[in-house]
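> What would the 3D arrangement of this be:
(2 chains)
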2 protein chains.
Amino acid sequence: MTDSLRCYRCRESSPRSAGARCACGEALWFDVDADDFDPGGHADRSGIGRYLDLLPVDDLRGLASAAGGTPLIRTDRLDDFAGCRTWVKDEGEHPTGSFKDRGSAVGVADALARGCSAVGTVSHGNMAMSVAAHAAAVDLDCAVLVPADIPSERLAIIDQYGPEILRIDGDYGRLYEESLRVGNDLGIEFLNSDVPLRVAGQKTTTLELVDAFRPSAPDAVVMPISSGGHASGAWKALRDLRDCGALPSTPKLCFVQAAACDPVATAFRNGSETVSPATGGETIAYSIANADPPSGTRALAAARATDGAVVSVDDDEIRDAKARLARDAGLCVETASATTLAGTRRLVAEGVLAPDDRVALVATGSGFKESTVTGGERATAVPLADLDATLAARFGYWGDES
Amino acid sequence: MTDSLRCYRCRESSPRSAGARCACGEALWFDVDADDFDPGGHADRSGIGRYLDLLPVDDLRGLASAAGGTPLIRTDRLDDFAGCRTWVKDEGEHPTGSFKDRGSAVGVADALARGCSAVGTVSHGNMAMSVAAHAAAVDLDCAVLVPADIPSERLAIIDQYGPEILRIDGDYGRLYEESLRVGNDLGIEFLNSDVPLRVAGQKTTTLELVDAFRPSAPDAVVMPISSGGHASGAWKALRDLRDCGALPSTPKLCFVQAAACDPVATAFRNGSETVSPATGGETIAYSIANADPPSGTRALAAARATDGAVVSVDDDEIRDAKARLARDAGLCVETASATTLAGTRRLVAEGVLAPDDRVALVATGSGFKESTVTGGERATAVPLADLDATLAARFGYWGDES
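Reported below is the predicted structural model:
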């Protein structure tokens, strides 16, 4: 449990009231006290509660207890395609179907502990659903700020949890910082995508990954990147574990963007120290198309500090990877999550990853919330009377021997 | 690990080759050897692997390792509505979004161990998706038999995993036993909803529930009932734990059906010893509308043996319960799963459950796969320039003090 913030870049400490940004302009995250950490000290708890010593809250109950604890699945049938040994961390197995529940659980627990009467977020996807659900479970009011043109099916999924939904008519990009300012004035805790509370919760993805590979660590962790909040959490997890003497070795942190909107990958390729806004085109991986990622520069630093990389992949590669995840691993992931497999293949081709590397792909969200699943044309019509003959013709291995 | 089957009713033992039915006509399940059971002996394993001693397979890896291990969530905001103390077991947090992954994992592991080259199932919903996904992950061929009129969006979700889909033109009800017969002839392991392998896997839901409540047990477990396979698994779990001396007390097993199609509830109300086929009407809980449940009579026996009950609820009650699960617990469950909350309310009203009972509701599947979420009309359009004033008016608790 900690209550002070620090800038990863200039190392200056800030009080909680500083919000999300250091005076230097970069993103803040929570300090942890390495002396507090008792590995296995909360083994009786579920999900992210196992890492309570490293979190800025001291109570996680109800829906918050269901955040984290997602399975890590060995996906050997994907190895040939990826070019290395693959595991998938299936973050879709969360109450609201994405990793966002990790940060929402921590953020809502903090809002409760501090006596806030409302939480909020700027999102029209996974984060909106997640914050609304976690607020509902503890009877906190919730404000969800969405763009005016949000598709109705996504609005309906958010709406079921009962938040106050505001369609904002204007520059949606400006809302990120505007909402933090207004929220601070009004006592509404805005749990936007790279605020310190969310990053604290989201570092647990990587804490769990490292634990699952013990006694060694994975050679690399590959994640999609949008705001850079989850990527920052991954880096923070490694730093916390290192500080606690509990990191066997440092996995390369590799982040993947969609080529149509890849400001962080562009900065990585160009050797820049900071991320500049992209113009941003259309991609099927819409949920990670963030043209001006608030923690982009921090994520860039994370990739470089761990000898990782940031790459981008085009929509055809993403589509192919999504199909392979379903057909060769039995996993229906969000389109944006499929970038991890496409990106891993590219990282091996570029020599960042090696064929015998053990690589953990973070599938950040479930594909079941997307209506982009198509197909089914292959279904064959069979009269019931022809069942035996049809099955025998297609699967009749016994018949081959006669 | 066991390889012999037994009938719950006549207690006769049968070899594996007997299939799913005893000579007496009732459903078979696997024997377990209580001496084999080492509570906590597989604590290092994930999901259902913790109960390997009680399962008819001895290896669960890859996608199978992601079956089970779902969270149990204390849902205190539902207590008033339900009339008792409630917990929800969120089975939607599975690779394919439902409890069916438990039985598919065991069934596919067995098919692999026995050298079958294909598995199959008769389903057009959760079970079809689950069997297809688990077969894909281990490169087994898979036959999915669906009715001719299956909605295309559901077909598409099944199809992504690459099974052979056969639309059967004829009496879909006859297919259940027909497919087991043909599968036996051809060496295709049909993992239908109440076959012994599936019931063995599905008993782990209740094994986990009992473990989560230790040192006591829940007072009741409430589940939706369709084929009776999951309900039978719940009963088998309690019997296995009792045989191993590891059941603190016996929870009441309570099953809920949709009123439009409730053959098991009808038999329970009428005091019948067996379940007769219903005519079966339409219900929004389509995935449990089973007019002729193959393990209906066994489920009926389970409810009676544990001092539980079988009740039915109408579509308005189901709709209301589904909305409350989202708005008061942050859980988006499958429509059929909402019967558990509606049913619990009814069970308290009828005196089967008491106000201070600790009741575990099994939410069998995720609502994200259904396109029945509606709403979103409440979203308010706000010009960006009015953000401060709008939030202050709606959430401005600070403003009240000035």
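
> List the buried residues of the helix or strand hosting A:Ala105.
A:Ala105 is part of helix A:100-113, with elements assigned from DSSP states H and E. Of the residues in helix A:100-113, A:100-112 count as buried by neighbour count, 16 or more other Cβ atoms under 10 Å in any protein chain shown. Placement of C-beta: from N, CA and C, glycine included.

> and what of stretch A:148-159?
Counting neighbours by 16+ other Cβ under 10 Å, one finds that the buried residues in stretch A:148-159 are A:150, A:154-159.

> I'd like the distance between the residue of the stretch 201-350 of chain A found nearest chain B and B:Asp141.
Chain B sits closest to A:Gly330 of the stretch 201-350 of chain A, with a gap of 3.4 Å, by Cβ to the nearest Cβ. Distance, A:Gly330 to B:Asp141, by Cβ to Cβ, to the nearest Å: 14 Å.

> got the residue ranges for the helices in the stretch 1-150 of chain A?
Secondary structure of the stretch 1-150 of chain A, counting by DSSP state H, counting those that start in this stretch: helices at A:79-82, A:100-113, A:126-137.

> nope, the stretch 251-400 of chain A is what I was after
Here the stretch 251-400 of chain A has its helices, by DSSP H, counting those that start in this stretch, at A:263-270, A:296-305, A:315-329, A:339-349, A:387-395, A:397-401.

> May I see those helices organised as CSV, with mean pLDDT added?
Below are those laid out as CSV (pLDDT from 0 to 100):
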stretch, mean pLDDT
helix A:263-270, 98
helix A:296-305, 98
helix A:315-329, 98
helix A:339-349, 98
helix A:387-395, 81
helix A:397-401, 47
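
> what's the most buried one of the ones you listed?
For the helices of the stretch 251-400 of chain A, average neighbour numbers computed from mean count of other Cβ atoms under 10 Å in any protein chain shown are highest in helix A:339-349, which has a mean of 26.

> now for that one, which elements pack on it?
If you count contacts as 3 or more Cβ pairs under 8 Å, 6 or more residues apart in numbering or on different chains; DSSP states H and E, helix A:339-349 packs onto helix A:79-82, strand A:85-90, strand A:220-224, strand A:252-258, strand A:309-313, helix A:315-329, strand A:358-363.

> what are the pairing partners of the fourth one, and which direction each?
On the basis of DSSP bridges, the sheet neighbours of strand A:252-258 come out as strand A:220-224 (parallel), strand A:309-313 (parallel).

> could I get those as a markdown table with distance to A:Ser14?
A markdown table is the format used below for the strands paired with strand A:252-258 (distance: least, Cβ to Cβ, whole Å):
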| stretch | distance to A:Ser14 |
| --- | --- |
| strand A:220-224 | 26 |
| strand A:309-313 | 27 |
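
> winner for burial among the ones you listed?
Stretch with highest mean neighbour count among these: strand A:220-224 (a mean of 29; mean count of other Cβ under 10 Å).

> I'd like the distance from that strand to the chain centre, please.
Put simply, strand A:220-224 sits 10 Å off its chain's centre (Cα atoms, centre = their mean, to the nearest Å).

> Beyond it, next helix or strand please.
helix A:229-243.

> Pull out the buried positions in that following helix.
A:229-241, A:243.

> what's the overlap in contacts for A:Gly330 and B:Asp141?
Shared contacts of A:Gly330 and B:Asp141, defined by Cβ atoms under 8 Å, 6 or more residues apart in numbering or on different chains, are found at B:Ala135.

> wait, what's in contact with A:Gln202?
Here A:Gln202 is in contact with A:99, A:102-103, A:229-230, A:232-233 (Cβ under 8 Å, 6+ apart).

> Present the residues you listed as CSV; the columns should include pLDDT and distance to chain B.
Listed next are the contacts of A:Gln202 as CSV, based on pLDDT from 0 to 100; distance: Cβ to the nearest Cβ, whole Å:
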residue, pLDDT, distance to chain B
A:Phe99, 98, 13
A:Arg102, 98, 13
A:Gly103, 98, 14
A:Gly229, 98, 21
A:His230, 98, 19
A:Ser232, 98, 25
A:Gly233, 98, 21
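
> What is the burial count for A:Asp79?
A:Asp79 has 15 neighbouring residues, counting by other Cβ atoms under 10 Å in any protein chain shown.

> Got the confidence number for it?
Looking at A:Asp79, its pLDDT reads 98.

> how close does it get to A:Gly120?
Taken as Cβ to Cβ, the span from A:Asp79 to A:Gly120 is 43 Å.

> Flag the shaky bits of chain A, pLDDT-wise.
A:1-2, A:371-378, A:396-402 (pLDDT under 70).

> before we move on, the earlier item: okay, the buried residues of helix A:100-113 in a markdown table with distance to A:Val362 next?
Output for the buried residues of helix A:100-113, formatted as a markdown table (distance: Cβ to Cβ, whole Å):
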| residue | distance to A:Val362 |
| --- | --- |
| A:Lys100 | 13 |
| A:Asp101 | 14 |
| A:Arg102 | 11 |
| A:Gly103 | 14 |
| A:Ser104 | 17 |
| A:Ala105 | 17 |
| A:Val106 | 18 |
| A:Gly107 | 20 |
| A:Val108 | 22 |
| A:Ala109 | 23 |
| A:Asp110 | 24 |
| A:Ala111 | 26 |
| A:Leu112 | 28 |
